[in-house]
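S.K.: Any chance you could fold what I've pasted below:
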Amino acid sequence: MKLTNLIPQDYPKYKAFFNEQRYELCVYSLASILSWRNQVYQPFGMVLDDTLIVGVNYTDRDKPHHLLLPISPNREYAPMELHRLALKLGYDRIQFVPGDYIVRYDAQGIDDLFDMRPQAEYNDYVYRTKDLAGLKGNKFSKKRNLIHQFISDYIEPGRVQVEKISGAVTSECLAFLEDWCLARDCDQNPEEDLACEKQAAVNALENFEIMEMHGLLIRIDGQVSAFGIAAPVTAEMGALHFEKAYGDIKGLYQYLDQQCAKHLFGNRRFINKESDMGLPGIAQAKKSYHPARMINAHQLIVR
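M.R.: Residues are numbered from 1 along each chain as shown. Here you go, the predicted model:
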């Protein structure tokens, strides 16, 4: 049994495994698995019967190699099968195990095979699509006020265009991303989260159509000034994997967020806006949108 490199161009080869994908954590989006490949994070995979097995190796010695839960449209691996699989493949842990898996198989039974530890920094924030699209009620009044100001300052004077992302405009999105990252020193340390996220966004844009992603951009005075990129996770949930906007334009981020909710998720009832990575500033921003619920992440370490 041998896992091989997974790259964005593999999307058509593996997308059928995700047709009935059941796990709601954002890492179980195929587009996410493939786009996050970089010099630190390296996904590998293999097909075993009707199941895609995904493992992740890190060049950073402080980050442990791990498996994801096996992905199949037909079945789910029980804890005993996970334990055997990890031993066969030489991995000592399964990460990003959602809380509902723990509930289905009973924490006490899992404890016989694994040490179970929370991954709180990777708990995902989930929102109702209609909440983010409508922003109704007092709890969203500050968001609406910022959007109204953006409309007054930029949209009513005719300075704004909203477009779907396609292959024809990805070069402009890449130029905007480079400028956005320069202001934040994304490339200062290639092993830090911002640098890895930048590379993931580059991978997503460069392979946007082959990975069947959905996105929109906002132009101000003809220049790309914000974009959002989404992909499906489950039948009822999509993930907003990347969302970037110039921070000095008041209300732009809030307007982008609302437009993404309105136009990128079709009939999906929920939007997964990923985790806060344990960073207080990101956590505060995500909480300000009043998530409907959290999806807890766990790791199972082989006994």
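S.K.: Pull out the buried positions in stretch 91-109.
M.R.: Y91, R93, I94, Q95, F96, V97, P98, G99, Y101, I102, Y105 (16 or more other Cβ atoms under 10 Å). For the C-beta atoms, the positions are set from N, CA and C on the backbone; glycine is no exception.
S.K.: ok, so of those, who is nearest I301?
M.R.: Closest approach to I301 among those (Cβ to Cβ): R93, at 4.6 Å.
S.K.: picking that back up, and the buried residues of stretch 91-109, which of them are in helices?
M.R.: If you go by DSSP state H, those have G99, Y101, I102, Y105 in helices.
S.K.: now for those residues, which pair is the farthest apart?
M.R.: G99 and Y105 (11.4 Å).
S.K.: residue closest to the middle of the chain?
M.R.: H241 (3.8 Å; Cα atoms, centre = their mean).
S.K.: just checking, that one touches S29?
M.R.: Yes. Using Cβ atoms under 8 Å, H241 is in contact with S29, at 7.0 Å.
S.K.: anything in contact with each of those two?
M.R.: Taking Cβ atoms under 8 Å, 6 or more residues apart in numbering as the contact rule, H241 and S29 both touch A231.
S.K.: Can you give me every residue that contacts K143?
M.R.: L135, Q254, Q258, S288, Y289.
S.K.: right, and the helix or strand after the helix or strand harbouring it?
M.R.: In this assignment (DSSP states H and E), K143 forms part of helix 141-150. Downstream of helix 141-150, the first helix or strand assigned by DSSP H and E is strand 160-164.
S.K.: Quick check: buried residues in that next one?
M.R.: V160.
S.K.: what's the answer for stretch 132-143, then?
M.R.: Buried residues in stretch 132-143 (16+ other Cβ under 10 Å): L132, A133, L135, F140, K143.
S.K.: Beta-bridge partners for H298, please?
M.R.: V97, P118 (DSSP bridges).
S.K.: need the strands for the protein, in chain order.
M.R.: 4-5, 41-48, 51-58, 66-67, 93-98, 114-118, 124-128, 160-164, 214-220, 223-232, 237-245, 270-272, 293-295, 297-302 (DSSP state E).
S.K.: Quick check: which of those strands is nearest to E206?
M.R.: By Cβ to Cβ (comparing all of the strands of the chain), the closest turns out to be strand 223-232, at 11.9 Å.
S.K.: Strand 237-245 and that closest one, what's the angle between them?
M.R.: Angle of strand 223-232 versus strand 237-245, following axes from the mean of the first three to the mean of the last three Cα atoms, to 10 degrees, is 160 degrees.
S.K.: In strand 223-232, which of the residues would be classed as buried?
M.R.: With burial defined by 16+ other Cβ under 10 Å, the residues of strand 223-232 counted as buried are V224, S225, A226, F227, G228, I229, A230, A231, P232.
S.K.: and the gap between the nearest residue to R37 once chain neighbours are set aside and R128?
M.R.: The shortest distance from R37 to any non-neighbouring residue, by Cβ to Cβ, 6 or more residues apart in numbering, is to P43 (5.9 Å). With distances taken as Cβ to Cβ, to the nearest Å, P43 is found 30 Å from R128.
S.K.: For K244, list the residues it contacts.
M.R.: F176, L177, W180, A201, A226, F227, G228.
S.K.: Pipe the residues you listed into JSON lines and attach distance to Q9 and pLDDT per row.
M.R.: JSON lines is the format used below for the contacts of K244 (distance: Cβ to Cβ, whole Å; pLDDT from 0 to 100):
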{"residue": "F176", "distance to Q9": "24", "pLDDT": "97"}
{"residue": "L177", "distance to Q9": "21", "pLDDT": "96"}
{"residue": "W180", "distance to Q9": "26", "pLDDT": "94"}
{"residue": "A201", "distance to Q9": "17", "pLDDT": "95"}
{"residue": "A226", "distance to Q9": "28", "pLDDT": "98"}
{"residue": "F227", "distance to Q9": "22", "pLDDT": "98"}
{"residue": "G228", "distance to Q9": "24", "pLDDT": "98"}
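S.K.: With distance to V56 as extra columns, can I get those residues in JSON lines?
M.R.: Shown next, in JSON lines, are the contacts of K244 (distance: Cβ to Cβ, whole Å):
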{"residue": "F176", "distance to V56": "29"}
{"residue": "L177", "distance to V56": "24"}
{"residue": "W180", "distance to V56": "26"}
{"residue": "A201", "distance to V56": "18"}
{"residue": "A226", "distance to V56": "30"}
{"residue": "F227", "distance to V56": "26"}
{"residue": "G228", "distance to V56": "25"}
